[in-house]
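1. here are the coordinates; sequence isn't available:
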């Protein structure tokens, strides 16, 4: 939903969506759509499967830019996108009101633009706040 709010900024660009929820396929139309398994740090095999799927998607899509609102799927997309030279943007989920997510903290060093949607989480050495998407 949060990335959907950014769609106007993506108009005129070749876009592909990757998510852990196959039910969002219709919302991605007319853009390409990929669904990967969901996993967390407590499911190492699931994380490995997710990382492999995202690796294959990134190799096939060859993105110039990777934009994510987070979680493990976004972390792997940022890391793998960076490996092929993509610019990377992390927009931490609006749900993370008290602190940046663990995925955001891990992805920070691989992002070209690291954003929070909460002004009180922004800092000179931390994420930037330029507004919320919701």
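-> Structure received. Keep in mind it's a predicted model, so treat the numbers as computed, not measured.
2. please enumerate the helices of the protein.
-> 7-10, 25-28, 44-61, 71-83, 102-107 (DSSP state H).
3. reformat these as CSV; add mean pLDDT.
-> Compiled in CSV, the helices of the chain are given as follows (pLDDT from 0 to 100):
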stretch, mean pLDDT
helix 7-10, 89
helix 25-28, 92
helix 44-61, 97
helix 71-83, 96
helix 102-107, 93
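4. right, so these: which one is the most enclosed?
-> Neighbour counts (mean count of other C-beta atoms under 10 Å) averaged over each of those peak at helix 71-83, with a mean of 23. In this view, the C-beta of every residue, glycine as well, is placed from N, C-alpha and C.
5. list the contacts for the residue nearest to residue 73 when sequence neighbours are not counted?
-> Excluding the flanking residues, the one nearest residue 73 by C-beta to C-beta, 6 or more residues apart in numbering is residue 20, at 5.4 Å. Taking C-beta atoms under 8 Å, 6 or more residues apart in numbering as the criterion, residue 20 is in contact with 35-38, 50, 71, 73.
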